[in-house]
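> sequence and predicted structure, then a few things I'm wondering about:
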Amino acid sequence: KAGVTQTPRYLIKTRGQQVTLSCSPISGHRSVSWYQQTPGQGLQFLFEYFSETQRNKGNFPGRFSGRQFSNSRSEMNVSTLELGDSALYLCASSLVGGARSPLHFGNGTRLTVT
Amino acid sequence: DQQVKQNSPSLSVQEGRISILNCDYTNSMFDYFLWYKKYPAEGPTFLISISSIKDKNEDGRFTVFLNKSAKHLSLHIVPSQPGDSAVYFCAAEYNNNDMRFGAGTRLTVKP
């Protein structure tokens, strides 16, 4: 069974630009969550999608948005990039979401904003 | 708001000894707790979990203890192996809301 796939693995962008990250969940998983990992901050929850609907949202500005398609694939978009957006962005999928259904993470997209 | 805290950024133990990783939380509504392990250049992988109705859960060399009154949980690894060297994240959730993670503890197991 293929794992969670995130593309691209690395991205370098400049301030003010926008970026789109992609995530393909494990087949059959309907919940997709996005996390931002920065040194010392651990994993910060961005949002969760289930059946194409955003079900939960973390405390990030509106520049961070996402969507989920009918095949459960998900994209995350960050507009007007800031230096502080440099981080590892992790996507995770689970069968139905919630802690009782453990998250399966992708290897992440490393975003560097210069 | 850091509702889940891992106050030790790093821990070093000798192979064969016990590793104890600690985690504190502030939200008494959390009812499910998990530990994830992360190797460099890989995403975190689920390790073990515990429901708030229990105080201990064991899976092979890994045991998680929950002390609800102290709002504290710990992960014990016995015996520790060099392959256990990784970053360990504690996570908590309630009512199927977003999962909160700690900042992680880097465990180094020396041969």
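Perfect, I can see it now.
> show me what the helix or strand hosting B:Ser12 is packed up against.
Using DSSP states H and E, the element containing B:Ser12 is strand B:10-14. Where contact means 3 or more C-beta pairs under 8 Å, 6 or more residues apart in numbering or on different chains; DSSP states H and E, strand B:10-14 is packed against strand B:19-25, strand B:105-110. (Each C-beta comes from the backbone N, C-alpha and C, glycine too.)
> contacts for the longest one next, please.
Among residues not part of strand B:19-25, those counted as contacts by C-beta atoms under 8 Å, 6 or more residues apart in numbering or on different chains are B:3-8, B:11, B:13, B:33, B:35, B:70-78, B:80, B:84, B:88, B:90, B:92, B:100, B:102, B:105, B:107, B:109.
> looking at those residues, which are in strands?
B:4-5, B:11, B:13, B:33, B:35, B:72-77, B:88, B:90, B:92, B:100, B:105, B:107, B:109 (DSSP state E).
> export the helices and strands packed on strand B:10-14 as JSON lines, with columns for mean neighbour count.
Listed next are the helices and strands packed on strand B:10-14 as JSON lines, based on neighbours: other C-beta atoms under 10 Å in any protein chain shown:
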{"stretch": "strand B:19-25", "mean neighbour count": "21"}
{"stretch": "strand B:105-110", "mean neighbour count": "17"}
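> with mean pLDDT and distance to A:Gly108 as added columns, please give those strands in CSV.
Output for those, formatted as CSV (pLDDT from 0 to 100; distance: least, C-beta to C-beta, whole Å):
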stretch, mean pLDDT, distance to A:Gly108
strand B:19-25, 97, 22
strand B:105-110, 97, 17
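> need those strands in JSON lines with distance to A:Ala92, can you?
Shown next, in JSON lines, are the helices and strands packed on strand B:10-14 (distance: least, C-beta to C-beta, whole Å):
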{"stretch": "strand B:19-25", "distance to A:Ala92": "19"}
{"stretch": "strand B:105-110", "distance to A:Ala92": "20"}
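> that older thread, what lines up beside the strand holding B:Ser12 in the sheet?
strand B:105-110 (parallel) (DSSP bridges).
> now the partner strand - C-alpha only, CSV.
Output of strand B:105-110 as CSV, limited to C-alpha atoms (Å, rounded to 0.1, in the frame of the first residue of the first chain):
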residue,chain,number,x,y,z
THR,B,105,12.4,15.5,22.3
ARG,B,106,15.5,14.3,20.4
LEU,B,107,16.5,10.9,21.8
THR,B,108,20.1,9.7,21.2
VAL,B,109,20.8,6.1,22.1
LYS,B,110,24.6,5.5,22.3
